[in-house]
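Novice: From the sequence below, what's the structure:
(one chain, ligands or ions: 2)
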Amino acid sequence: RLLPEGALSVEFRSVTFGYEEDNTTLEGLNFRLEPGKVLGLLGRTGSGKSTTARLLLRFYDPGEGAILLGDTDIREVHLHDLRSRIGFVTQNIEIFQGTVRDNLTFYDSSIDDTLIRQVLEELGLGNWLASLPKGLDTLLESGGGGLSAGEAQLLAFARVFLKNPGLVVLDEASSRLDPATEQLLERAVNRLLKDRTCIIIAHRLSTIQRADDILMLDDGRIAEHGKRLAL
Ligand code: ATP
Ligand code: MG
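Specialist: Ligands and ions are numbered 1, 2, ... in the order given. Next comes the predicted model:
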């Protein structure tokens, strides 16, 4: 089955999952997020936030329950179609050995250079691109050596903008960056949220404040689910 166009709704129906037998990491997760809304996913370390994100992309299948995107069970969707509709920004950004262009497009030659340059410019990476000896043809090292943490994060955002998915899952890095980079990232997140459904594993107060719904996980269960956090 194909996923509908545009922003996608997300629904977890009694999802229970464990990485190992007799060990549940998520227990009975139930929530629904309407298309275009932003969910802030909170909870202390080890509470199951990243696991929730991995299940959405079907890196693992839940032992019980179902996950629906656009009201379609993700098990009925071709894995390639599923992943092509979700922009996933993880805590560790994977830069592989290849050109800047290939790192951003994953070899999708239908994405032209003008668009890549425009996206980089909009993210505040215009000067960075201009400083590279061979521009988009510059080779990046595997692991992103030679890039600052902020640049690597902004490149991860550029990947999502070029993909233009109906759902963005953002596992925000918890490390603090310099104020100028923080500001660039904040602007990037704002633009990412427009017209898309977003699940943000949030560490920054600024991000949490933009969420329509807040879900607080505690030891793999929903401890709180509300419209806004009482701050
Ligand atoms: P953090 O805020 O530190 O990123 P998190 O809420 O994202 O934490 P998860 O990464 O989802 O937490 O981990 C939830 C639980 O599952 C933890 O107890 C963790 O040790 C365990 N876990 C995570 N990944 C694996 C794995 N690949 N194999 C086995 N257990 C895992
Ligand atoms: Mg995590």
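Novice: Contact partners for the residue sitting furthest away from the middle of the chain?
Specialist: Going by Cα atoms, centre = their mean, the residue of the chain most distant from its centre is Pro133, 30.1 Å out. Residues in contact with Pro133 (Cβ atoms under 8 Å, 6 or more residues apart in numbering): none are found. From N, CA and C alone the C-beta is placed, and that goes for glycine too.
Novice: Can you name every helix or strand that the helix or strand of the chain with the lowest mean pLDDT contacts?
Specialist: The helix or strand of the chain with the poorest confidence is helix 205-209; it has a mean of 78 (mean pLDDT, DSSP states H and E). Contacts defined by 3 or more Cβ pairs under 8 Å, 6 or more residues apart in numbering; DSSP states H and E place helix 205-209 against strand 38-42, helix 179-193.
Novice: which of these is buried the deepest?
Specialist: Among these, judged by mean count of other Cβ atoms under 10 Å, the one packed with the most neighbours on average is strand 38-42 (a mean of 23).
Novice: Output the helix or strand that contains Arg159 as CSV - backbone C-alpha positions only.
Specialist: Secondary structure from DSSP states H and E places Arg159 in helix 149-163. As requested, C-alpha coordinates have been extracted for helix 149-163 and formatted as CSV (Å, rounded to 0.1, in the frame of the first residue of the first chain):
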residue,chain,number,x,y,z
ALA,A,149,29.3,19.7,15.1
GLY,A,150,27.1,22.6,14.0
GLU,A,151,27.9,22.2,10.3
ALA,A,152,27.3,18.4,10.5
GLN,A,153,23.9,19.1,12.1
LEU,A,154,22.9,21.7,9.5
LEU,A,155,23.9,19.3,6.8
ALA,A,156,21.6,16.7,8.3
PHE,A,157,18.8,19.3,8.1
ALA,A,158,19.7,20.0,4.5
ARG,A,159,19.2,16.3,3.7
VAL,A,160,15.7,16.6,5.1
PHE,A,161,14.8,19.7,3.1
LEU,A,162,16.0,18.1,-0.1
LYS,A,163,13.9,15.0,0.6
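Novice: Next secondary structure after that helix?
Specialist: strand 167-171.
Novice: Does that next one reach ligand 1?
Specialist: No - using Cβ under 6 Å from any ligand atom, strand 167-171 stays clear of ligand 1, with a minimum separation of 7.2 Å.
Novice: tell me what that strand is packed against?
Specialist: If you count contacts as 3+ Cβ pairs under 8 Å, 6+ apart, strand 167-171 packs onto helix 49-56, strand 86-89, helix 179-193, strand 197-201.
Novice: Quick one: residues in contact with the first one.
Specialist: Here helix 49-56 makes contact (Cβ under 8 Å, 6+ apart) with 10, 12, 15, 17, 19, 25-26, 29, 41-43, 60-62, 67, 69, 74, 86, 88, 90-91, 167, 169, 171, 199, 201, 217, 220.
Novice: Asp219 is in contact with Ser47, isn't it?
Specialist: Yes - with contacts counted by Cβ atoms under 8 Å, Asp219 reaches Ser47, the gap being 6.1 Å.
Novice: quick one, which of those two is more surrounded?
Specialist: Ser47 (20 against 14; other Cβ atoms under 10 Å).
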